[in-house]
Each structure stands twice: as C-alpha cells, then as structure tokens.
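> Sequence and predicted structure, then a few things I'm wondering about:
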Amino acid sequence: MKLSENPKFLHAINQIQSLPLGEILKRGLSKFIGIILVKPIFLPVALLLHILNYRYVNIFTDRIGHLAIEPDTLIKAQLLGEVKPRKWILLSPSNRTANSTLLEYWQPYFIVILNPFLCFLIRYLSWPNLMRFDCESYLRNIHGSQESYKIQKEWDNRAPLLSLTGRDQTWGANMLKQLGIPPKAWFVCVHAREPGFSEVDDEIQAYRNSSITNLIPSIQEIVRRGGWVVRLGDKTSSKLPAMTQTIDYAHHPLKCDRLDLVLCAKAKFILGNTSGISLLGTIFGTPCALANLIPISTLWFTAKDISIFKLLWLKEDGRYLTFYEAMATESSTWQFSSLYEKHGILPIENSAEDICMLTVEMLGMLEEKRRISTEQSLNNVAIKSAFKSHHYAYGSAATIAAFFLEKYKDILFQYDVE
C-alpha cells in the first residue's frame, strides 16, 4: 500500500490539516511538556495509581457518537467478563465534551475529570499498560473492524445499560409538551448529516453527507400513520419546510444537550445515517433505521436496527460496483473523501423513495407486521458473509433492509463482472 493511501498516515495528515496553526503549536507544546517533564517526574505516581487499580480511558469525548458508544462498550465488556473491573478515569474538559448531560449518565461508572489541568496531568500519566486503557479499537480503528460491534452483539437481548432518570422523565414530558407533542403521541427522530456540522474536517468527511430533503417522504409517511417527527441537527442544518406534526428541532429555541438526550431515548425509532447522534438512541435501547451508511462495510449495532448503504458508482466504467467487488477491495473501508475522488468512485446517496421504504419496513417491524421470508433471511446471511475481520462492521447483529436486498439484487448479488 502506498503511504499516500495508508489509513493511519491519512488520518494523521488530515487531523493536522484541519487545525489552525495556533492550535497545532499549542498541542505540540503540550505534548512536549507532557512527554519530557510530566511522564518522567510523575512516574512514581503512575505506578501507585496502577497498583490501586486506576486506569485512564482514552475515550473520544468531543463527538456525541463516541461519547455514547465507547463508554457503553467498555462497561458492557466489563460486565460480560471480557475486561477486568477497574476504577475508570474519564477525562472530559468542558470545551471537549459533546454532551454534558450524557456525561452525567456516565458518572456512576467513571471518575469524570473536568478540570483542564488535571486532565492534562492524567493524560500524560498514561504510560502504555500502566495507567492507560486503550479504547480506540471500539470505534476508531482506521484500518479494521470496530470492536463495539462484537461487544454489542454479545450483550444481545439484555436491557440497555442506561435508562432515563425519573427526573429526566418528568422534565422531558414537560419539554415535549412545550415542543407541541401531545402527551400520548409517539414520535420519530430524523437526521441527515449535512455540510457545516464540523468545519475543521468538513471536506475530509463529505462522503458521509446527505440531503434532508430526501427524508421528506418518510416524514410525511410517519405523520400519515399518526406519528410526530422531530428533526435533529445543529444550527448549520438547512431548514425544513413547514409540515404538519413536524418539529424542526435543529432550529428550535428549546434545543439543548439534555433535550437531545431525552428525545433520542424516548423516540419510537431514529431515522438516521452515518452520524453519531443515532448512537445516543442506541445506548438507551432505541431502534434505528439507518440510510446512507458508508463505508459500504458499515451496518448499525443491534438486532433491532436495519440499514441501507450508499452504492458506489465507478465513473470510468459508468456502472455501479457490485457489492462483492467493493467488499473485496479497499474501497469497502475508505473513511476519507479524497480516496473516493482519487479512484473515480462516487458514493450515491439513497433516494427519497428508498429511505421511505426503509421507514415503512421499520414501522412494520415495530408493529410486528413485517414478515421476513426465508429467501430474505438467506439474502441477509449471504450479504453478511462477505464481511471479513478487516471490515468496519464485522460481527454486527443488525440486518440490511429486506426491500433493499430485493430491489438491488442485480448489484448486490452479482459476483462476476465482464
């Protein structure tokens, strides 16, 4: 593999390029001080903390998906007996915390450190195998499968680790009323990852983006069946047109961390995409219907989830890559827009019709009206057999939507291309 296509190299370069010069210098100086001064001087402290069973966990608290699934995976792995019980230390300075309310939910399981100076000291006490427990393999493995899939599958039908507190249940009911949702109404959270969410790596991650307008038929179908819709997002999201029983929460004055969490936890399901906000629902046991998943080897996490993914258009040949073609090449694991562009491959966004069919299938599953035929089950088994140990979602318990396997069978189940 060329250095220019090595995932670790690309990840490091893209991280550097996404930062302003001042931040690069600040981080460089911090690392220099930490490595040259803090590590040697405080080695006896690290040894003592190691003996006392304390471990710093390098959980990525900056993004909501990581702050959700990484702690959840660690504690589940511990309860399953795959990780020894420790006194876990989670570092989350306020300027690097994706959701402060979610952080409160992790406090029974972790010693949460908020002070920036203490975070700095503890981070540099983290000699490998001495004070640090590495969580990168859970959801940040750039060149292989994510271990969270394996742990979440082993957790199987057990109850979610987290549930809303009585206080948040009461507060949430009042907030739903203020949003205009009737007390006994059910609702679905919908989300499309759009440009503008993360300016520092927008260009790098553009292959994950999709259009909110393609969710409008799904929104209308949910409303037609008596449900309400809450559109998730941030202030940079494009605005939804006014629609009945639909709340553009991304631009609502009540939007806050606490309500983000309550909405995801209480939704009938989340209609999402390759973006971390859906994982906030996953850890509370909310089913997810995911469209536009990419890389092509991506699925969601639990047996309650169904997925469809972006197909890959080969520009030079004027055709789609078949699923088995893609899974046999590095394109199945690419996590950078530049790689798709360099190789002339265009990820094709799922159509509004396909997303609506995904929504209908999820509603049917939740209403126990969805019937999967033997052939459809075998199709899922066949597709998932193409997932190998280096693929992103290897070991996932989630399934691919039955309609998708049928509609695109000529692309998905074709082995040879002339």
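Perfect, thanks for sending it.
> How about the residue nearest the centre of the chain: what's its closest non-neighbour residue?
In the chain, the residue lying closest to the centroid (Cα atoms, centre = their mean) is residue 276, at 3.3 Å. Spatial nearest neighbour of residue 276, excluding adjacent residues (Cβ to Cβ, 6 or more residues apart in numbering): residue 65 at 1.9 Å. C-beta coordinates here come from the backbone N, C-alpha and C atoms, glycine included.
> Is it correct that the one you found falls within a helix?
Yes - judged by DSSP: H, G, I helix; E, B strand; the rest coil, residue 65 forms part of a helix.
> burial measure for it, as a count.
Neighbourhood size, residue 65 [other Cβ atoms under 10 Å]: 19.
> Next up, the contacts around it.
Residues in contact with residue 65 (Cβ atoms under 8 Å, 6 or more residues apart in numbering) are 139, 275, 276, 277, 278, 279, 280.
> Can you pull the phi/psi pair for residue 243?
Per-residue torsions, residue 243: phi -140, psi 150 (degrees, to the nearest 10).
> Check whether it really touches residue 221, as I assumed.
No - the criterion here is Cβ atoms under 8 Å, and residue 243 misses it with residue 221 at 11.8 Å.
> Mind jotting down where the helices sit in the stretch 1-150 of the chain?
Secondary structure of the stretch 1-150 of the chain (DSSP state H, counting those that start in this stretch): helices at 7-17, 21-33, 39-41, 43-51, 64-79, 100-106, 116-123, 136-139, 147-155.
> where does the stretch 301-418 of the chain have low pLDDT?
When residues are selected by pLDDT under 70, those of the stretch 301-418 of the chain lie in 369-372, 415-418.
> dump the residue contacts of residue 186.
226, 227, 228, 268.
> try 7 Å this time
Going by Cβ atoms under 7 Å, 6 or more residues apart in numbering, residue 186 touches 227, 268.
> ok, now the one 10 residues further on?
Listed by Cβ under 7 Å, 6+ apart, the contact set of residue 196 reads 202, 236.
> my read is it is in a strand, agree?
No - applying three-state DSSP, one finds residue 196 to be coil, outside a strand.
> confidence score at it?
With respect to pLDDT, residue 196 scores 79.
> Closest one of the contacts of residue 65 to residue 356?
Comparing these against residue 356 with Cβ to Cβ places residue 278 closest, at 18.0 Å.
> what secondary structure does that closest one sit in?
Classification of residue 278 by three-state DSSP places it in helix.
> Now do it: how many residues are near it, please.
27.
> and what of residue 204?
20.
> what sits against residue 344?
Shown in contact with residue 344 (Cβ under 7 Å, 6+ apart): 314, 315, 316.
> now the residues you listed: which count as buried?
residue 314 (16 or more other Cβ atoms under 10 Å).
> just checking, residue 411 touches residue 311?
Yes - the criterion here is Cβ atoms under 7 Å, and residue 411 meets it with residue 311 at 6.4 Å.
> Please identify which of those two sits among more neighbours.
Applying other Cβ under 10 Å to residue 411 and residue 311 shows that residue 311 carries more neighbours, namely 21 against 17.
> Please identify which of residue 243 and residue 221 sits among more neighbours.
residue 221 (18 against 14).
> how near is that one to residue 188?
Separation of residue 221 from residue 188 (Cβ to Cβ, to the nearest Å): 10 Å.
> what about the nearest residue to residue 334 once chain neighbours are set aside, how many neighbours?
Nearest residue to residue 334 in three dimensions, chain neighbours excluded: residue 295, at 5.7 Å (Cβ to Cβ, 6+ apart). A count of nearby residues for residue 295, using other Cβ under 10 Å, gives 25.
> I'm done for today, thanks for sticking with me.
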